[in-house]
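Q: test case, fold it:
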Amino acid sequence: MLVFASRTETQGLVLLEAMAQGLPVVTTAVMGTAAVMRDLRGGLVAEDEVGDFAAKVQLLLADEALRRCHGAEALRKAQEWSAATSVGAPLRLYRRVRVPTGR
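A: This is a model prediction of the structure:
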């Protein structure tokens with residue numbers, strides 16, 4: 001698992017990199033990590049408080065089934081954020097709304 005307590009990560013990319021390896025994450029939901037974890041899939045989101053953060057880490061450490069479940073979900077989630085997926089959606093939109101060139 002990835003344990004990530006940064007309060008200044010601006011994009012959450014480190015979470016997605018870990019998830020792409022099938023690792024569940026424990027993080028807080030601030031700045032970029034909030035966007036990545038808004039659906040609460042692929043790991044646990046702790047309050048920005050030491051006790052809650054430690055409890056979430058301990059929960060995943062103690063429960064192998066939960067860790068595996070979040071790890072599998074993390075891998076699926078990372079695939080949804082892949083470059084191909086991220087680029088493909090706007091391209092499909094652009095193809096649907098082509099603007100006439102005036103010819």
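Q: helices of the chain, residue ranges please.
A: Per DSSP state H, the chain carries helices over the ranges 13-19, 32-36, 50-62, 64-80, 83-96.
Q: just the CA atoms of the first one, as CSV, please.
A: These are the backbone C-alpha positions of helix 13-19, laid out as CSV (Å, rounded to 0.1, in the frame of the first residue of the first chain):
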residue,chain,number,x,y,z
LEU,A,13,-0.2,11.8,-9.5
VAL,A,14,1.7,9.8,-6.9
LEU,A,15,-1.6,8.2,-5.9
LEU,A,16,-2.4,7.2,-9.5
GLU,A,17,1.2,5.8,-10.0
ALA,A,18,0.8,3.6,-6.9
MET,A,19,-2.7,2.6,-8.0
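Q: how far does it sit from its chain's centre?
A: Per CA atoms, centre = their mean, to the nearest Å, the displacement of helix 13-19 from the mean C-alpha position of its chain is 7 Å.
Q: could you do the last one as well?
A: Mean C-alpha position of helix 83-96 versus that of the full chain (CA atoms, centre = their mean) differs by 20 Å.
Q: lowest average confidence, helix or strand, in this structure?
A: The least trusted helix or strand in the chain, going by mean pLDDT, DSSP states H and E, turns out to be helix 83-96, with a mean of 72.
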